[in-house]
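Enquirer: got a sequence here, can you build the structure:
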Amino acid sequence: MIVDDEADVTLTFRAVIEDSNKDVDVNKRMEVNTSNHPIVALSEFKPNFYDLLLVDIDMPHMNGFELCEKILAIDINVRVCLMSSGEINWEALRQIYPTRQEGCFIRKPVSIDYLLKRR
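Expert: A predicted model of the protein is given here:
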């Protein structure tokens, strides 16, 4: 699931990921769901369905940290990857917001190759 308040980001990421599936067996292709509103994403989130949540940090109505906290309360096993185009002290962020699993932070803009390697 990709959550970003910028529609061009979610559309681009979805297209890139789905395009990377074109040579994969149809039964093994990744399904990509997107949302441009964190509250809608939370209401549509299904536990034990998603492998990865790719979420922007800076969004209106609910920031990415709050969204991740609420989603992890629903499904502790979903991997979380936070992203931002803003100025962030990434080392301080890793110390303040350690994830249960291997942490993932993406700085936008991001290359297609890097994005696909992080999935």
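Enquirer: what residue lies at the spatial centre of the protein?
Expert: Leu54 (0.4 Å; Cα atoms, centre = their mean).
Enquirer: surely it is within a strand?
Expert: Yes. Using DSSP: H, G, I helix; E, B strand; the rest coil, the assignment for Leu54 is a strand.
Enquirer: my guess is it contacts Cys81, does it?
Expert: Yes. Counting by Cβ atoms under 8 Å, Leu54 does reach Cys81; the two are 4.9 Å apart. (Each C-beta comes from the backbone N, C-alpha and C, glycine too.)
Enquirer: need the overlap of contacts for the two.
Expert: Ile106 (Cβ atoms under 8 Å, 6 or more residues apart in numbering).
Enquirer: how about the helices in the chain?
Expert: Ranges of helices within the chain are 7-20, 38-44, 64-74, 90-96, 112-118, based on DSSP state H.
Enquirer: want to throw these into JSON lines with distance to Tyr50, mean pLDDT and mean neighbour count?
Expert: Formatted as JSON lines, these follow (distance: least, Cβ to Cβ, whole Å; pLDDT from 0 to 100; neighbours: other Cβ atoms under 10 Å):
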{"stretch": "helix 7-20", "distance to Tyr50": "13", "mean pLDDT": "90", "mean neighbour count": "15"}
{"stretch": "helix 38-44", "distance to Tyr50": "10", "mean pLDDT": "97", "mean neighbour count": "16"}
{"stretch": "helix 64-74", "distance to Tyr50": "9", "mean pLDDT": "92", "mean neighbour count": "17"}
{"stretch": "helix 90-96", "distance to Tyr50": "22", "mean pLDDT": "65", "mean neighbour count": "11"}
{"stretch": "helix 112-118", "distance to Tyr50": "15", "mean pLDDT": "72", "mean neighbour count": "13"}
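Enquirer: between those, which gets nearest to Lys28?
Expert: Lys28 lies closest to helix 7-20 among the helices of the chain, at 12.0 Å (Cβ to Cβ).
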